[in-house]
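> Provided below are the primary sequence and the corresponding predicted coordinates.
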Amino acid sequence: MFRMFNSLYRIPPFGRAWVGFISLFAVQLTAFAQNNDPVIMTIAGEPVLRSEFEYSYNKNNTEGVIDKKTIEEYVDLFINYKLKVAAALGEKMDTMTSYQKEYVGYRDQQVRPTLINEADVEAEARKIYNDTKNRVGPDGLVTPAHILLRLPQQAGNDEQIRVKNRADSIYNAIMAGGDFAQFASKYSEDPGSNKNGGNIGQISRGQTLKEFEDVAFSLRDGQVSRPFLSPAGYHIVKMLGHAPMPSYDSLRADIHRFIDARGIRESIINGKLEQMVKATGLPQEQIMNQRADSLASLDSDMKYLFKEYHDGLLLYEISNREVWEKASKDEEGLNAYFKKNKKKYTWDAPRFKGIAYHARSIDDVMEVRKVLKGKPFDEWAEILRSTFNSDSVLRIRVEKGIFKMGDNALVDKDVFGLEATPKKMKDYPYDATFGDVLKAPKEMGDVRAQVVADYQEALEQGWIAVLRERFPVEVNKEVLATVNKH
């Protein structure tokens, strides 16, 4: 702090009294900051400011949240969250290249838009307008309508004469007083414009075939061209109107919408970054880091959003390792947990564990039962695939699972004896079921999803208990009482 003041102001030679005053002022500023944003808790030796706790609590307990927590209820959730992050930091997960890349990606999504301002976007909008105006050129914009009679480029002489004569006949009819729009709707072979009386909309030079463009821009308003040939076929063109390039102010809102819709802001940001790299000589990564630090120092919400990204990614990594992935892959642990807690896994009604299937031939109905009998349930799918559906012709169609009443009409009818009408499957006239009716789960696989969820919860609770023992936690209840009340 003293060094900061020393760099800002040249200290006059007033002796120790002046230096003492500056030092006292610095101490007072520090004390003011501490009083204004005191430490609400210390977790694993790291102080947590009240503002960080408030940011997290308020963000996760908005009006739309169903399970809103009181501040006191949220304290334990917040502490557990911080303890897991502390464990991840202890494992140096924040040094992993994959983690750092992902964090920077999230952070930069917030930082990049701040590198430009509305003046930069406005400058790009004017550039787009001026580029368009230069492309349009002095001829401005025209609105032609046309009648197209298509002629393949490989057409023979007889075909060319036939199409040319037809175009001449239509032209002569128009010149005799025929309605151009009606003729276009009836005879034009351009599906994009014939429904609009041949109107192709406003165009500038360079947007159409040169042969078409040369004729269109030579016509006066209301004038109709004689039939002429382009690579697409024979055209008859009527000029509906000329217009100059609209003013920038009249198009400004549309151009800004175009910039947002086409992601052009990202291009503006990239250009700004390139300029900053050239001007400073710093690598882009360093410029982004400095920008992030600057934003965090000026905006506490931004600072805690960055921290949320930082800690959230760590939380995911370590929770996946300690709980989620561990539970889903620990077959021995899952089976042991199921056996220990088997009484909690009950059903309100019997279930059918097996298959409902449809076969092309009656012989395959019996063959299915033969190949599956005595085999483990989790192997059935592969057995059926390799036996019946290994080539291009599928002999059977199968639905495998643990069914309750109402899940499958065929199971309801054949197994549970309910009134149900199974839907017939085309080319598979023979319907059948195979499996067992269970009053309660017999093995872990029968209720695997529920066991995995419960096992994860058990692992998490055990892990949190270990973390509570490992890392000290202190909560300042006086500061806690001031949350959202200062």
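Structure's in. What do you need?

> and Lys164, how many neighbours?
15 (other Cβ atoms under 10 Å). The way it works is simple: take the backbone N, C-alpha and C, and place the C-beta from them, glycine included.

> any idea how this protein splits into domains?
Structural domains assigned to the chain are 138-244, 347-439, following automatic domain parsing.

> hmm, who's touching stretch 401-417?
Residues outside stretch 401-417 that contact it (Cβ atoms under 8 Å, 6 or more residues apart in numbering): 347, 349-354, 356, 399, 418-423, 431-433, 435, 437-438, 446.

> My error: substitute stretch 147-161 in the last question.
Stretch 147-161 has contacts (Cβ under 8 Å, 6+ apart) with 163, 166-167, 170, 180, 183-184, 187-190, 198, 229, 231-236.

> Give me the buried subset of those.
Neighbour counting with 16 or more other Cβ atoms under 10 Å marks 163, 167, 170, 180, 183-184, 187-188, 190, 198, 232-236 as buried within the contacts of stretch 147-161.

> And the strands in this protein, which stretches?
Here the chain has its strands, by DSSP state E, at 39-43, 46-49, 141-150, 228-230, 233-243, 351-359, 396-403, 430-438, 473-475.

> Check which helices and strands the fifth one is in contact with.
The criterion is 3 or more Cβ pairs under 8 Å, 6 or more residues apart in numbering; DSSP states H and E, and the helices and strands that strand 233-243 contacts are strand 141-150, helix 157-175, helix 210-216, strand 228-230.

> can I get these in CSV with distance to Lys84?
Shown next, in CSV, are those (distance: least, Cβ to Cβ, whole Å):
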stretch, distance to Lys84
strand 141-150, 63
helix 157-175, 76
helix 210-216, 67
strand 228-230, 69
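
> deepest of the ones you listed, which one?
When the helices and strands packed on strand 233-243 are scored by mean count of other Cβ atoms under 10 Å, the highest mean neighbour count falls to strand 141-150 (a mean of 22).

> tell me the average confidence for it?
Averaging pLDDT along strand 141-150 gives 96.

> now the angle from it to strand 233-243?
Between the axes of strand 141-150 and strand 233-243, defined by axes from the mean of the first three to the mean of the last three Cα atoms, to 10 degrees, the angle is 170 degrees.

> returning to that earlier point: which of the strands of the chain sits most buried?
When the strands of the chain are compared using mean count of other Cβ under 10 Å, strand 351-359 is most buried, at a mean of 23.

> Distance check, Lys68 against Val104.
Lys68 sits 33 Å away from Val104, going by Cβ to Cβ, to the nearest Å.

> And these two? Which one has more around it.
Neighbour count, other Cβ under 10 Å: between Lys68 and Val104, Val104 has more, with 16 against 12.

> Contact partners for that one?
Contacts of Val104 by Cβ under 8 Å, 6+ apart are 285, 288.

> what does the one 4 residues further on give?
Each residue near Asp108 by Cβ under 8 Å, 6+ apart is listed here: 288, 292.

> Per-residue pLDDT of Thr62, please?
Per-residue pLDDT puts Thr62 at 88.

> how close does the nearest residue to Arg397 once chain neighbours are set aside get to Glu419?
The shortest distance from Arg397 to any non-neighbouring residue, by Cβ to Cβ, 6 or more residues apart in numbering, is to His358 (4.7 Å). His358 is 20 Å from Glu419, where distance means Cβ to Cβ.

> so where is this protein shaky, pLDDT-wise?
Along the chain, the parts satisfying pLDDT under 70 run over 1-35.

> repeat that for 50
For the chain, applying pLDDT under 50 flags the ranges 1-33.

> Now Val371: closest residue in space, sequence neighbours ignored.
Nearest to Val371 is Thr387, by Cβ to Cβ, 6+ apart, at 5.4 Å.

> again, but for Phe180
Lys238 is the one closest to Phe180 (Cβ to Cβ, 6+ apart), at 4.9 Å.

> who's the one you found bridged to?
Beta-bridge pairing for Lys238 (DSSP bridges): Ala145, Val224.

> give the contact list for it.
So Lys238 contacts 144-146, 180, 198, 219, 222-225 (Cβ under 8 Å, 6+ apart).

> and if we set it to 6 Å?
By Cβ atoms under 6 Å, 6 or more residues apart in numbering, Lys238 lies in contact with 145, 180, 224.

> Kindly provide the distance from the second one to Met276.
It refers to Phe180. From Phe180 across to Met276, the span is 57 Å (Cβ to Cβ).

> Next: Lys439.
Lys439 sits 70 Å away from Met276, going by Cβ to Cβ.

> For this protein, which helix extends over the most residues?
The longest helix of the chain (DSSP state H) is helix 448-470.

> And the contacts of that helix?
So helix 448-470 is contacted by 80, 83, 87, 322-323, 327-328, 334, 337-338, 444 (Cβ under 6 Å, 6+ apart).
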